[in-house]
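*Asks:* after the sequence you'll find the predicted model.
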Amino acid sequence: MKSVKLSPLKTISKGEMLLSQGEIANYGYLVKKGCLKSYTIDAAGKEHIVQFAPENWMISDLDSFTNRVPSLVFIEAIENSEYIPLSKSDFGAVNELEKEAVVEIANKYRNNLIAANKRIIGLLSATAEQRYLAFTDTYPTLIQRLPLKLIASYIGVTPEYLSDIRRKIAKK
């Protein structure tokens with residue numbers, strides 16, 4: 001079997017966009033260093049974070065990437081980051097990739113799906129404190145790296161309420 005090389009490592013600066021809402025997602029992004037986020041903005045202009053992608057996570061709008069429909073999310077660097085863009089042809093050549101690369105990509109997407117399912121269940125049935133604790137389990141490296149406003153957006157509360165939650169947890 002011949003070995004296929006993935007795209008070279010790319011860099012992006014904090015605040016730069018990889019995907020805008022309405023564009024077609026041509027890539028999935030494997031984060032090697034830094035952190036990306038996907039989010040949507042509601043009619044009132046409020047940002048709602050869908051996912052964070054720190055080191056060794058993958059991020060994309062999978063529906064847009066797979067079905068060539070306009071993206072529902074933005075993808076932005078929230079830290080200076082390094083990533084590998086994975087195109088449809090990279091996935092199409094899966095039979096030609098080295099086994100380790102295929103396993104790594106499959107594991108990243110599996111972990112993303114597990115995290116997304118847990119997040120949906122949490123949003124439907126968990127308290128804000130439980131959602132914060134789930135965030136700390138899912139993204140332990142981000143607790144000290146991200147501003148409170150981003151974590152608050154992710155769990156669906158105000159930064160002030162998140163501060164109250166953190167104080168309550170610290171007292172326990």
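*Replies:* Nice, thanks for sending it over. Everything numeric here is computed off the predicted structure, so don't read it as measured data.
*Asks:* can you verify residue 154 is assigned to a strand?
*Replies:* No - under DSSP: H, G, I helix; E, B strand; the rest coil, residue 154 falls outside any strand and is assigned helix.
*Asks:* and the gap between it and residue 11?
*Replies:* For residue 154, the distance to residue 11 equals 24 Å [Cβ to Cβ, to the nearest Å]. Quick note: C-beta positions are derived from backbone N, CA and C, even for glycine.
*Asks:* swap in residue 40?
*Replies:* Residue 40 is 25 Å from residue 11, by Cβ to Cβ.
*Asks:* in this structure, what helix or strand scores lowest on average pLDDT?
*Replies:* Lowest on mean pLDDT, DSSP states H and E among the helices and strands of the chain sits helix 88-92, with a mean of 69.
*Asks:* please enumerate the strands of this protein.
*Replies:* In the chain, the strands defined using DSSP state E lie at 10-12, 17-19, 27-33, 36-41, 47-53, 58-59, 74-77, 81-87.
*Asks:* buried set for the third one?
*Replies:* By 16 or more other Cβ atoms under 10 Å, the buried positions in strand 27-33 come out as 27, 28, 29, 30, 31.
*Asks:* let's have those in CSV, adding distance to residue 74.
*Replies:* Formatted as CSV, the buried residues of strand 27-33 follow (distance: Cβ to Cβ, whole Å):
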residue, distance to residue 74
27, 14
28, 15
29, 13
30, 19
31, 16
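*Asks:* between those, which is nearest residue 133?
*Replies:* In terms of Cβ to Cβ, no member of the buried residues of strand 27-33 lies closer to residue 133 than residue 31, at 23.6 Å.
*Asks:* which pLDDT value goes with the closest one?
*Replies:* Looking at residue 31, its pLDDT stands at 94.
*Asks:* so which of the strands of the chain comes closest to residue 171?
*Replies:* Of all the strands of the chain, it is strand 47-53 that lies closest to residue 171, at 26.8 Å by Cβ to Cβ.
*Asks:* from residue 40, how far off is the residue nearest to residue 59 when sequence neighbours are not counted?
*Replies:* Leaving aside its sequence neighbours, residue 59 sits nearest to residue 53 (Cβ to Cβ, 6 or more residues apart in numbering; 3.7 Å). Distance, residue 53 to residue 40, using Cβ to Cβ: 15 Å.
*Asks:* ok, now residue 135?
*Replies:* Counting by Cβ to Cβ, the gap from residue 135 to residue 40 is 18 Å.
*Asks:* same check, this time on residue 30
*Replies:* Counting by Cβ to Cβ, the separation of residue 30 from residue 40 is 22 Å.
*Asks:* contacting residues for residue 142?
*Replies:* Neighbouring residues of residue 142 by Cβ atoms under 8 Å, 6 or more residues apart in numbering: 35, 52, 54, 135, 151.
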